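Novice: I'll drop the sequence and a predicted model, then ask my questions.
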Amino acid sequence: MATGRTHRPATRSRGIPEATVARLPLYLRALTALSERSVPTVSSEELAAAAGVNSAKLRKDFSYLGSYGTRGVGYDVEYLVYQISRELGLTQDWPVVIVGIGNLGAALANYGGFASRGFRVAALIDADPAMAGKPVAGIPVQHTDELEKIVQDEGVSIGVIATPAGAAQQVCERLVAAGVTSILNFAPTVLSVPDGVDVRKVDLSIELQILAFHEQRKAGELAAAGTAASHQEPAVSRRSAAVDQVPVADQGPDGDVPAVMPT
């Protein structure tokens, strides 16, 4: 089976924009769910809704893949799964090493979604000598002294950093020096890498802070709406006041304002 060391995705050479690349996994997840339900075709509107994007953007993204669907039929689900998987490099084996086997690193090691997407956890590495040899997700943890040898022996090109912030940069530099060219960083720090190395940062605290901002804004909008409503006089009260101001002679027999005011 091919490994990540000898094969690279074709997205850059084909000129696919980074924003489109970032949406391809969303489409693949939605398509995989359809495939598991044996759905043969899907319209751009249905797939866009499932992926959380608008249909025009989806059709533009798929045009970069050379897939335009069939009018009146839609897209072939299985073929799109293959196309997107191929562009993302998921039709081959990608050995991954996880460095930092604390709570987060152990959770990542136990995540079953890696294997189903073509990512094989080749090794787990930690700096704590007491962790060496302990199995996590059925894989024995190895000491950081073995990092370079593991990367070379396993042909690893993707490294996952789940260490404390203070250790992340040094781990990153060692991974890069050993030949790793793509890094997924869970450490709460910004990594400095040379040209040719791709870094994706996942910071859960930042995502929560962004959600807190939106919650605060929504709460403010609700409070403002409530204040405006409390200061607005009910329409019934205004109408009653207007009726009360009309002279009795100008009111109808039942006390209502006549349709045509007398001259």
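Specialist: Okay, I see it.
Novice: tell me where the model's unsure across the chain.
Specialist: Where the chain drops to pLDDT under 70, the residues are 1-14, 233-263.
Novice: can you spell out the domain ranges of it, please?
Specialist: Structural domains annotated on the chain: 13-88, 94-201, as defined by automatic domain parsing.
Novice: ok, which of those domains comes nearest His231?
Specialist: Across the domains of the chain, His231 has its closest neighbour in domain 13-88 (37.9 Å, Cβ to Cβ). Every residue, glycine included, has its C-beta placed from N, CA and C.
Novice: distance between that closest one and the chain's centre?
Specialist: On the basis of Cα atoms, centre = their mean, to the nearest Å, domain 13-88 sits 16 Å off its chain's mean C-alpha point.
Novice: stretch 126-145: which residues count as buried?
Specialist: Asp126, Ala127, Met131, Ala132, Val136, Ala137, Ile139, Val141, Gln142, Thr144 (16 or more other Cβ atoms under 10 Å).
Novice: can you check stretch 49-61 too?
Specialist: Ala50, Ala51, Val53, Leu58, Arg59, Asp61.
Novice: follow-up on the earlier one: nearest to Thr41, of the buried residues of stretch 126-145?
Specialist: The closest of the buried residues of stretch 126-145, once distances to Thr41 are taken by Cβ to Cβ, is Ala137, at 37.4 Å.
Novice: returning to that earlier point: any chance of the buried residues of stretch 49-61 in TSV, plus distance to Ala225 and secondary structure?
Specialist: Listed next are those as TSV, based on distance: Cβ to Cβ, whole Å; DSSP: H, G, I helix; E, B strand; the rest coil:
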residue	distance to Ala225	secondary structure
Ala50	32	helix
Ala51	32	helix
Val53	30	coil
Leu58	34	helix
Arg59	37	helix
Asp61	37	helix
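Novice: spatially nearest residue to Leu65 (excluding sequence neighbours)?
Specialist: Gln83 (5.1 Å; Cβ to Cβ, 6 or more residues apart in numbering).
Novice: quick one: the longest helix along the chain to chain centroid distance?
Specialist: Longest helix of the chain, by residue count under DSSP state H: helix 204-231. Put simply, helix 204-231 sits 23 Å off its chain's centre (Cα atoms, centre = their mean).
Novice: stretch 87-97 now?
Specialist: So, by Cα atoms, centre = their mean, the centroid of stretch 87-97 is 19 Å from its chain's centroid.
Novice: contact partners of stretch 41-54?
Specialist: 23, 26-27, 29-31, 33-34, 55, 57-59, 62, 69, 73-77 (Cβ atoms under 8 Å, 6 or more residues apart in numbering).
Novice: just stretch 133-146 next, same as before
Specialist: Against stretch 133-146 from outside (Cβ under 8 Å, 6+ apart): 99, 101, 105-106, 109-110, 121, 123-127, 129, 131-132, 150, 171, 174.
Novice: helices of the chain, start to end?
Specialist: Using DSSP H, helices in the chain cover 18-36, 44-51, 55-63, 77-87, 103-109, 113-116, 147-154, 165-178, 204-231, 235-244.
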